[in-house]
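J.: Give the three-dimensional model of this entry:
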Amino acid sequence: MKTATESKPGLLIVDDDPLITDTLHFVLSHDFEVYVAESRQQVKSLLTQLPSPPPLALVDLGLPPTQHKPDEGFALITDLLNHSKKIKILVLSGQNDEANARHARALGAIDFIGKPAEPERIKAALLSALRFDQDEQEESVAAPATEAGTIIGNSFTVDKLRNQIKLYAEAPFPVLIEGESGSGKELVAVSLHRWSKRRDKPYLALNCAAISPTLVEPTLFGYAKGAFTGATQAHSGYFEDAREGTLFLDEIGELPLELQAKLLRVLENGEFQRVGETNSRYSNARIVTATNRDLRREVREGRFRGDLYHRLSVFSVHVPPLRDQSEDKLALLEHFRSHFAREVGSAPFNLSADAQRLWEDYHFPGNVRELRNIVIRLTTKYAGRTVNARELEGEFDLDVVASGGIPLPTDAHALQDYAKQHLRSMHNFNLDQIMKQWEQSYVEAALAMTHGNLSQAAKLLGVNRTTLYSRMQTYQSE
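T.: Numbers count the residues shown, from 1 in each chain. Model prediction:
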């Protein structure tokens, strides 16, 4: 029989004000198993000590050492979702201007509550967040529809992704999945498994960023009784348990260098040893990995082994960002709208014609994770109603668009959509000024990358040295 504590959902509260944390702990501990931290560093330490990530987090934006800025809070949202994509994050902050709220939601927060707020309101928002099942497979452009492994979307980029998955599914070789945060890399791994002959074998997933470096080796390879303090009995690891199935290693770029050599050995001949044992064991699991880092650059800078990179990337799959899938945004909207309306037993919302055009034009910097969270909020606020353009615009992070804070789309149609959204979001738009800002940003970036070497910077930018020097003189004179 479960105890009261075991039946409570975990809640992580991150705030550097002890009055707030003490009050919330007192009020919320009846309904939640509460953990408290006051900084990003404390959160990282706490998460490595917990047996599993809490399903909920309540995060302040103004955290040490820069309490007057939201930067640490924004970074913490990213840290938490890298640790576990299933954590539902609510922001509770006094830095509650609309721009901060929108950006927090774009990064993956479920919602934003401005301080001061009544504890009962906070509790209601937390309990409401638990109503929504955010299964990892519901997070991607390749989300399941009517049958396991079905890919949603008919754009060229999604067709290409679908064909790559089917082509690589039967091969026994490793696959490296690359893509931005929130784009749905894990579902690609699941699809590779489901569309293969291994579909009836185990599928195991480990997030390398979500586990203490000291625990990665025993978790992957297992350990013998007495191998270290706390090892009271022998235990198998992921390689052993995956057997003939699929082992998915997410955030592979976070794997410590010393363990990369051991992983390479398993990839070469399937051989590994449990921690504290000398006899060899063998695994025939297929290895699939994922990263949002540029592993080629990590190799160049000495943070990732080149030989391991080449072993992992026998096949490579790139999961496209949502801004390159303009025609799939409505299909994803319909999928998530129906899913969450069924889940909470409410009528689905609709979009007005103007709101639908706004939806199609928005670039979704947080990718499908952001889209899904927007649908959750609209389902909660506007069940059975028609959402107009003004109401929908309040959910979008238009400030990021206006500031050029996201990568430009690579697809021509998506680039045009980006331009439409940019024009709508800016007042007194001036094309010459915008072009100068972009040009100057690229010039400054090239100079920073080449440590001020004009010749190398000009080569990066594809212009000659005298042209670059002339443009720099223009910036200085303005």
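J.: which strand residues sit across from residue 35 in the sheet?
T.: Residues in a beta bridge with residue 35, per DSSP bridges, are residue 12.
J.: Report the separation between it and residue 81.
T.: In this structure, residue 35 and residue 81 are 17 Å apart, going by CB to CB, to the nearest Å. For glycine as for every other residue, the C-beta is placed from the backbone atoms N, C-alpha and C.
J.: Can you check the pLDDT for residue 264?
T.: On pLDDT, residue 264 comes in at 94.
J.: The residue lying closest to it once chain neighbours are set aside is in what secondary structure piece?
T.: Taking CB to CB, 6 or more residues apart in numbering as the measure, residue 264 lies nearest to residue 308, with 4.8 Å between them; neighbours along the chain are not counted. Secondary structure here is read from DSSP states H and E; on that basis residue 308 sits in helix 306-312.
J.: Against residue 261, how distant is the closest residue to residue 61 other than its chain neighbours?
T.: Nearest in space to residue 61, with sequence neighbours left out and distances taken as CB to CB, 6+ apart, is residue 73 at 3.0 Å. With the distance defined as CB to CB, residue 73 ends up 37 Å from residue 261.
J.: Which of these two has more residues huddled nearby?
T.: Set residue 73 next to residue 261 and count neighbours by other CB atoms under 10 Å: residue 73 wins out with 27 against 11.
J.: Surely the more buried one forms part of a helix?
T.: Yes - the secondary structure assignment for residue 73 places it in a helix, going by DSSP: H, G, I helix; E, B strand; the rest coil.
J.: List the contacts of it.
T.: Shown here is residue 73, whose contacts under the criterion CB atoms under 8 Å, 6 or more residues apart in numbering are 59-63, 91, 93, 95, 104.
J.: same thing with residue 46?
T.: For residue 46, the contact set (CB under 8 Å, 6+ apart) comprises 12, 35, 37.
J.: Let me know the closest of those residues to residue 122.
T.: Nearest to residue 122 among the contacts of residue 46: residue 12, at 13.6 Å, using CB to CB.
J.: how much space is there between the closest one and residue 46?
T.: 7 Å.
J.: before we move on, the earlier item: in CSV, could you pull the C-alpha coordinates for the helix holding residue 308?
T.: Written as CSV, here are the backbone C-alpha positions of helix 306-312 (Å, rounded to 0.1, in the frame of the first residue of the first chain):
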residue,chain,number,x,y,z
GLY,A,306,35.9,12.1,-33.2
ASP,A,307,36.0,8.3,-33.5
LEU,A,308,32.9,8.0,-31.4
TYR,A,309,31.1,10.6,-33.4
HIS,A,310,31.8,8.7,-36.6
ARG,A,311,30.6,5.5,-35.0
LEU,A,312,27.4,7.1,-33.9
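J.: Can you list the low-confidence ranges for the stretch 1-150 of the chain?
T.: When residues are selected by pLDDT under 70, those of the stretch 1-150 of the chain lie in 1-6, 96, 133-150.
J.: Around the nearest residue to residue 227 once chain neighbours are set aside, how many other residues sit close by?
T.: Taking CB to CB, 6+ apart, and ignoring the residues beside it in sequence, residue 227 has residue 276 as its nearest neighbour in space, at 2.8 Å. Using other CB under 10 Å, residue 276 is surrounded by 15 other residues.
J.: Equivalent analysis for residue 470, please.
T.: The local packing count at residue 470 equals 11, with neighbours defined by other CB under 10 Å.
J.: Would you report the backbone torsion angles of it?
T.: Per-residue torsions, residue 470: phi -60, psi -40 (degrees, to the nearest 10).
J.: confidence score at it?
T.: You'll see residue 470 listed with a pLDDT of 80.
J.: separation between it and residue 83?
T.: In this structure, residue 470 and residue 83 are 48 Å apart, going by CB to CB.
J.: for residue 341, same thing?
T.: Remark: distance between residue 341 and residue 83 (CB to CB) = 29 Å.
J.: cool, residue 391 as well?
T.: In this structure, residue 391 lies at 32 Å from residue 83, with CB to CB as the measure.
J.: quick one, which of these two is more surrounded?
T.: Comparing residue 391 with residue 83 by neighbour count (other CB under 10 Å), the higher total belongs to residue 83, at 20 against 17.
J.: and the residue nearest to that one when sequence neighbours are not counted, how many neighbours?
T.: Leaving aside its chain neighbours, residue 83 sits nearest to residue 210 (4.5 Å; criterion: CB to CB, 6+ apart). The number of residues packed near residue 210 is 18, by other CB under 10 Å.
J.: shared neighbours of residue 12 and residue 46, which are they?
T.: Taking CB under 8 Å, 6+ apart as the contact rule, residue 12 and residue 46 both touch 35, 37.
J.: Just to be sure, residue 317 is in a helix?
T.: No - residue assignment for residue 317, taken from three-state DSSP, gives strand, which places it outside any helix.
J.: Let me know the pLDDT of it.
T.: At residue 317, the model reports a pLDDT of 95.
J.: in the sheet, who's paired with it?
T.: residue 177.
J.: so who does it touch?
T.: 161, 164-165, 168, 175-178, 188.
J.: Any chance of CSV for the residues you listed, columns neighbour count?
T.: Supplementary listing: the contacts of residue 317 in CSV, determined by neighbours: other CB atoms under 10 Å:
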residue, neighbour count
161, 25
164, 19
165, 24
168, 20
175, 25
176, 21
177, 28
178, 20
188, 29
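J.: closest to residue 123 among the residues you listed?
T.: Checking the contacts of residue 317 against residue 123 with CB to CB, the nearest one is residue 188 at 36.8 Å.
J.: ok, that closest one to residue 293 distance?
T.: Here the criterion is CB to CB. By it, residue 188 lies 16 Å from residue 293.
J.: and what of residue 50?
T.: 25 Å.
J.: Enumerate every residue touching the closest residue to residue 17 other than its chain neighbours.
T.: Excluding the flanking residues, the one nearest residue 17 by CB to CB, 6+ apart is residue 60, at 7.7 Å. With contacts defined as CB under 8 Å, 6+ apart, the neighbours of residue 60 are 14-17, 20, 73, 91-94.
J.: For the residues you listed, pick the one with the most neighbours.
T.: For the contacts of residue 60, the largest neighbour count, defined by other CB under 10 Å, is 29 neighbours, found at residue 91.
J.: helix, strand or coil for that one?
T.: Counting by three-state DSSP, the backbone at residue 91 sits in strand.
J.: mind listing what's buried in the lengthiest helix in the chain?
T.: As assigned by DSSP state H, the longest helix anywhere in the chain is helix 431-449. When burial is assessed from 16 or more other CB atoms under 10 Å, helix 431-449 yields the following buried residues: 443, 446-447.
J.: Please apply the same query to stretch 462-475.
T.: By 16+ other CB under 10 Å, the buried positions in stretch 462-475 come out as 463, 468, 471-472.
J.: now do stretch 48-66
T.: Neighbour counts using 16+ other CB under 10 Å place 53-63 of stretch 48-66 among the buried residues.
J.: No further queries at this time; thank you.
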